[in-house]
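In: Below are the sequence and a predicted model for it; my questions follow.
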Protein chains: 2
Amino acid sequence: MTVTIKDVARAAGVSPSTVSRVISNHPRISKATAEKVRRIMDELGYHPNLAAKSLVSKTTYTLGVFLPRPAEELFLNLFFAEFIRGIVTRASKSGYDILMTSCPSEQDEISALNRLMSGKRVDGIILLTSRRNDPVVQYLNEQQFPFILIGRSEEYPDVLSVDNDNVQASYDATMHLIKRGHTRIGFISGPPHLILSHDRKKGYEQAMREAGLEIREDWIIEEEFLQESGYRAMSILMSLSERPSALVVVDDIVAFGILRGLHELGYQVPQDMSLISFNNTALTELSSPPISSVDISIYQLGYLASQNLIHTIQGSYAGEPRTIVPHRLILREST
Amino acid sequence: MTVTIKDVARAAGVSPSTVSRVISNHPRISKATAEKVRRIMDELGYHPNLAAKSLVSKTTYTLGVFLPRPAEELFLNLFFAEFIRGIVTRASKSGYDILMTSCPSEQDEISALNRLMSGKRVDGIILLTSRRNDPVVQYLNEQQFPFILIGRSEEYPDVLSVDNDNVQASYDATMHLIKRGHTRIGFISGPPHLILSHDRKKGYEQAMREAGLEIREDWIIEEEFLQESGYRAMSILMSLSERPSALVVVDDIVAFGILRGLHELGYQVPQDMSLISFNNTALTELSSPPISSVDISIYQLGYLASQNLIHTIQGSYAGEPRTIVPHRLILREST
DNA sequence: CTGAAAGCGCTTACAG
DNA sequence: CTGAAAGCGCTTACAG
């Protein structure tokens, strides 16, 4: 019932080899033969069996997007969809599909990875988050399997990756507050095992030091990328006897929670507290007041990750291992 | 370099057939042999080649998520990530991966579909949106390829699908406003070619008729699922000499735009205008005031779509072709 | 420019 | 309980 290359060959009066060559646009096939074979393929409704093709060509035209263990919170964030959009858009331009796997538990990460790699299910892997001492990065690097990191690796700085200059971005955000006259600035960070949190905190500290301002431990809070985190952080922060007048916040959704927390406690933004956050997702524009945020071009990060990985797989990548996507401050009413 | 079934067989002193049987837990294999083979597989780091397996078994353990043409706007909406989360979570429970394809243009939809189906790339397909007269549904149905619709089909009512009772949901939402004493109620709808828009509008009209209230054409606006749509709709609606006092809105993100529009025009919610919308995404809780919304259990829709499709593929699905996920009204300050 | 043949890494009747 | 053999649908040297 399914029509194979043999059926086409028979109907066209040629050999299977010839049909295969027509499909792959082999140069040494006569125009006449190629046309005839193509017509027959159309008539019979031929479609190449991708598994068979993949078995012999060792290539799948598929990119794996690896969702690290607690993938749950990832999905709650607007940037996830935006990443995927960039990845899928660029991939389909080159005829690649995207395979998504989530692994059941953290200890199964390597075996989930192995299923994809050794099982020849994908040609390369996109890693969505960069954790410190990430075993997944270590493993992929050891195996010499094509992969790209969104973010960076401390242990393997030369690994293929697409990233922002998060230290600089956070420095810029903090400087913006300092220039606005703030001297008491706190930092609401994300999970400390994420390199992202780490880098942004570093940029904040740099700016503070450079301006000769005090970095207070009790004004630095490390939490999840969740709205509740920001909300809870305010209960803590606003009950201090000495409070900051401005906050740099690691992610929009956290800033959103902060806004809610402040609102409930009866504080005004930006009068009582200025806010600047990261990612510039739709949330920042939608909230009231709209939140200043550092645009990190999420779509672009995904798009370039796809592109550079594909080029690497095809052996045509000539760029630097690290691609830095520029950021820019989008100032709104919260500062 | 890659270790195959043959290498394992040689090292274990058995035939490839036996190794294959051990892998698939064939019942008639002696415990001793199975254990030895498993040990060797571990030692050698054997992983089955999925392409080879798929070629002979005609099965891929992959579900395709088909993103219909203008996929762009889909990604902007919070429900997209939530759908995917439900789909991926359930799929990975049964060892299935998710393949995402977007097709370059609308006319290529069928050929993109064919690549997946005839190319034996996926075992089944999940359709994320239901359009009226959807050629994709028609084609999949003709081809008898396993697929599931999130939503419903007018032409093929018995097609496998997971849906809400959108007519009832919208009826309930409208009735809620009516019970609150509103008599002048408008409806902000989505793209008319989506069945979703259609069903929700129908429920609105039913409730209005039943309550003996007037349905005014100029109080029904059909727009995209975008924030700007809601925003723009307010410029139109609020410039009318006779205005509604409440709105049923097809999607949260549109309601969000409406909120912004009303705010800028100097109107208060719910004093000047009550709002109830659909989907109950994070936006509704985050906006100020928080928006009443109909929770449609997006995660559950995705989860069940995955589940029912997998069961259908495996021939064990015994349920009705249509699964209706219950909705419930989440009332907040906007009504 | 084209064909016959071998092989990619599996599975599965068939036989014992 | 296990093995030899054929075959899934392709590609690709090798030969002409």
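Out: Okay, I see it.

In: where's the residue minimising distance to the centre of chain A relative to chain B, distance?
Out: The residue lying closest to the centre of chain A (Cα atoms, centre = their mean) is A:Leu128, at 4.3 Å. According to Cβ to the nearest Cβ, to the nearest Å, A:Leu128 and chain B sit 13 Å apart. For glycine as for every other residue, the C-beta is placed from the backbone atoms N, C-alpha and C.

In: In terms of pLDDT, where does that residue sit?
Out: Looking at A:Leu128, its pLDDT reads 86.

In: And for A:Pro135?
Out: A:Pro135 is assigned 89 on the pLDDT scale.

In: Let me know the average pLDDT across stretch A:307-314.
Out: When pLDDT is averaged over stretch A:307-314, the result is 95.

In: Could you check it and say which residues are buried?
Out: For stretch A:307-314, the neighbour count (16 or more other Cβ atoms under 10 Å in any protein chain shown) marks A:Gln307, A:Asn308, A:Leu309, A:Ile310, A:Thr312, A:Ile313 as buried.

In: Give the full set of residues in contact with the fifth one.
Out: Right, the one you point to is A:Thr312. A:Gly124, A:Pro146, A:Ile148, A:Leu160 (Cβ atoms under 8 Å, 6 or more residues apart in numbering or on different chains).

In: neighbours of the first one, just the number please.
Out: Which is A:Gly124. Residues near A:Gly124, counting by other Cβ atoms under 10 Å in any protein chain shown, number 25.

In: how far away is it from A:Ala305?
Out: In this view, A:Gly124 and A:Ala305 are 10 Å apart by Cβ to Cβ, to the nearest Å.

In: And A:Thr129, how close does it get to chain B?
Out: 15 Å.

In: Could you check how many residues crowd around that residue?
Out: A:Thr129, neighbours per other Cβ under 10 Å, totals 21.

In: Also the one 3 residues further on?
Out: Using other Cβ under 10 Å as the criterion, A:Arg132 is surrounded by 14 other residues.

In: Look up the pLDDT of A:Tyr267 for me, please.
Out: Confidence score, pLDDT, at A:Tyr267: 94.

In: what sits against it?
Out: By Cβ under 8 Å, 6+ apart, the contact list for A:Tyr267 reads A:Met238, A:Met273.

In: From DNA strand D, how far out is it?
Out: 65 Å (Cβ to the nearest atom of the strand, to the nearest Å).

In: for A:Ile298, same thing?
Out: A:Ile298 is 36 Å from DNA strand D, by Cβ to the nearest atom of the strand.

In: Specify the next element, helix or strand, located C-terminal of the worst-scoring helix or strand of chain A on mean pLDDT.
Out: Lowest on mean pLDDT, DSSP states H and E among the helices and strands of chain A sits helix A:72-76, with a mean of 58. Going down the chain from helix A:72-76, the next helix or strand is helix A:78-93, by DSSP states H and E.

In: can you list the weak-confidence ranges in the stretch 101-250 of chain A?
Out: Along the stretch 101-250 of chain A, the model assigns pLDDT under 70 to residues A:104, A:106-107.

In: And the closest residue to DNA strand C within it, how far from A:Ala51?
Out: Here the stretch 101-250 of chain A gets closest to DNA strand C at one residue, A:Lys120, 7.7 Å apart by Cβ to the nearest atom of the strand. Here the criterion is Cβ to Cβ. By it, A:Lys120 lies 10 Å from A:Ala51.

In: Residues that sit against both of the two, list them.
Out: Shared contacts of A:Lys120 and A:Ala51 (Cβ under 8 Å, 6+ apart): B:Ala51.
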